[in-house]
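Engineer: With the input below, show me the fold.
(chains A and B)
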Amino acid sequence: MNIQTQPRLSAAESALIDAYNASFGELPGNGAVASARDRLLDDLKTKGLPTRRIEAWHYTDLKTLLRTVPTETSTAVIDARAPFVEGSPVLAALQGKVDAKAAVEGVVVSAFADMLREGTAAPGLSVIDGDDAIGRINGSFVADGYVLEVPADTELETPIEIQAIHGGGQVHTRFPVSFGANSKATVIERHAATGDGAAFVSTVSDISLEDGADVTWVIVQQQGADDTHLGQIRIRVGADAKLKLFVINAGGKLVRQELRIDVSGENAELTLRGVNLLGGDTHTDVTLVLAHNVPNTSSTEVFRNVVFDRARGVFQGMIKVALDAQKTDAKMSCNTLLLSDDADFSAKPELEIFADDVVCGHGATVADIDDNHLYYMMARGIPENKARAMLVNAFVAEIVEELENEPLVEALEGIISVWLEKHA
Amino acid sequence: MLEIKNLHARIAEDGTEIIRGLNLTVKAGEVAAIMGPNGSGKSTLSYILSGREDYEVTEGDILYNGESILELDPAERASKGIFLAFQYPVEIPGVATMQFLKVAMNEQRKARGEEELTTPEFIRRVKESAAELKINMDMLKRPLNVGFSGGEKKRAEILQMALLQPQLCVLDETDSGLDIDALKIVADGVNALKSPDRATIVITHYQRLLDYIVPDSVHVLYKGQIIRSGDKELALELEANGYADIIGAAA
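Structural biologist: Have a look, this model is predicted:
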């Protein structure tokens, strides 16, 4: 006979459980949703937050790193910001609440809170696997978000922006988005803070690309200096679909950004790019799990990281190629500039290949600024600090330019130069 | 303009001495050619003039307009008007050529207390100089030197020189990798900059470039020293007889 001992709860774990109990009856959802939430919270109680003993969280020991969880949610009135790209329609989720009247031409927009109340959200309140702490936390607490449906054959000229802004406290949002067959769209998912108080944010974007859809999805994470951001994007990619996913992390104190992608249709083409700008005493983790499930699909993954101060960064990139996913072509690289003696970056590329006729590769580099480049620029009269800033900028700008959408590229370059001015 | 006195210098990393008591004076308006066999220290001399950190001056001095420049970093030397056209210009991905040119010109102007150039004025100057060097503006839209052919890189160096208007131009093996047409274009670009208050040091292996950029003085560098100086006839003599005679005479 075994004696089951309850693990000791950390302050953050206790705070989450207390917050759940306190919100009893307030979180939207029918019976099915309530039971789903209860199950997820029970798992959280028994498993606790993941520690470094869980392989998927080895470099981001959430139990240790997450010291406190704010209980008070700010009631301040927050205004939406100007669109990231001029002229984009903005779907603002302020303090986790959506605008019921929000509309975008050509897109069916509704509120996730309604899906919770109707119970249609219940099946989605699930974890991807036993170690999916983000799915568990978000499923327990999620209150609202936008549900978008881009109908088949719709082509949207202007990017749509989902703008999640908070003023501190707990914020849990979810954004289910479906792109119909042969639709074409660009979506910017932007997370930012007013800076009024520490926040604990969990967010899940649940996305499907039907056959032939052509989608650019850009995640802009600019949380406040005391914020925890647990983000997850789940994407299913259909046949002949094209996905460009771009993630930029330029904020937050403790950040985990999970990219969980299933390629389930032949001839799908994926371009995954990430930029991590890390400074101060922060911890940022980008974890990619990309599954090539069918034959004849291709993907390229390029992540560029610049690390200043005492910042710590993590990149875990797992590419899985299923047994019958022949002719998969996947290339992953993770390049890091370490710009201080105390900066730290861990890169863990992994390939799990069961098919025998594939081209898969990965590479990781860690370096300082190239002295030859620095010397050349200085020899033309550019002072050292300016030359360094230009080279750091160049290191990340190179992959931003691949987006090939001028206003979007400019907006992202703007974030990068403002960030570098503050931290470099 | 430039006075190098008993210069000794070594590679910082391993202490290998490359320059061993070099003396050289170049006056304003002068074109001085430095020739010498492989490994004599020609490129090292150009790096030391530009202030590259990989080399350490252990003895002697370099006076530029009467002042020692040994304590200045490469950017400070550049703003004072020293320009090195590299033998192998580096490719810098992600840095747009036009942005690089503009920052370089304006940083030098700032350092000298001059007004920064407006964008239209900057573009006007680039277009003008690029046209003279037969450089396509499309090439300048690429990242700095990235994907440029050998000849394009050399022309881009001369373009930078024309835009930055230095006082002391050092050309390190600018002829290497150029076909005869490109060589003429580059030489014309260098000659166009000739003026009574500007000095040029041409470092080369071969006499060929000196048919187009005619030197006032020719100096033979061997084992880190100038072992012989003369006028342009010396270059022709070297072309005809090789370095062996001179090296033998100096030994």
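
Engineer: Where do the helices of chain A begin and end?
Structural biologist: Remark: helices assigned in chain A by DSSP state H are A:11-22, A:31-47, A:62-65, A:112-118, A:133-141, A:371-378, A:384-400, A:406-423.

Engineer: who touches residue 85 in this structure?
Structural biologist: I went with chain A, as the question did not name one. For A:Val85, the contact set (C-beta atoms under 8 Å, 6 or more residues apart in numbering or on different chains) comprises A:158-159, A:161, A:188, A:407-408, A:411. Any C-beta I mention is one placed from the backbone N, CA and C, and that applies to glycine too.

Engineer: The chain in question should be chain B.
Structural biologist: B:Ala85 touches B:154, B:157-158, B:160-161, B:169-172, B:174, counting by C-beta under 8 Å, 6+ apart.

Engineer: Chain B versus A:Gly195, what's the distance?
Structural biologist: 31 Å (C-beta to the nearest C-beta, to the nearest Å).

Engineer: Which single residue of chain B approaches chain A most closely?
Structural biologist: B:Gly94 (2.9 Å; C-beta to the nearest C-beta).

Engineer: I'd like to know how many residues surround the residue of the stretch 301-424 of chain A found nearest chain B.
Structural biologist: Ranked by C-beta to the nearest C-beta, the top residue of the stretch 301-424 of chain A for proximity to chain B is A:Ala394, at 2.9 Å. Other residues lying near A:Ala394 total 20 when counted by other C-beta atoms under 10 Å in any protein chain shown.

Engineer: On the strand side of things, show who the spatially most central residue of chain B bridges to.
Structural biologist: With distances taken as C-alpha atoms, centre = their mean, the residue of chain B nearest its centroid is B:Val170 (2.1 Å). With DSSP bridges as the criterion, B:Val170 is bridged to B:Leu84, B:Ile201.

Engineer: ok, it - contacts?
Structural biologist: Per C-beta under 8 Å, 6+ apart, neighbours of B:Val170: B:46, B:49-50, B:82-85, B:200-201, B:203.

Engineer: Roughly how far does it sit from A:Ile207?
Structural biologist: 57 Å (C-beta to C-beta, to the nearest Å).

Engineer: ditto for B:Thr119
Structural biologist: 41 Å.

Engineer: So those two - more neighbours on which side?
Structural biologist: A:Ile207 (24 against 10).

Engineer: got a list of what the more buried one touches?
Structural biologist: Neighbours of A:Ile207 in contact, by C-beta under 8 Å, 6+ apart: A:176-179, A:215, A:217, A:233-236.

Engineer: Among these, which ones are in strands?
Structural biologist: Among the contacts of A:Ile207, DSSP state E puts A:176-179, A:215, A:217, A:233-236 in strands.

Engineer: Which of the contacts of B:Ala85 fall within strands?
Structural biologist: Per DSSP E, those map to strands at B:169-172.

Engineer: Among those residues, name the buried ones.
Structural biologist: B:169-172 (16 or more other C-beta atoms under 10 Å in any protein chain shown).

Engineer: Against chain B, how distant is the closest residue to A:Thr173 other than its chain neighbours?
Structural biologist: Closest residue to A:Thr173 apart from its sequence neighbours, by C-beta to C-beta, 6 or more residues apart in numbering or on different chains: A:Gly145 at 4.3 Å. For A:Gly145, the distance to chain B equals 36 Å [C-beta to the nearest C-beta].
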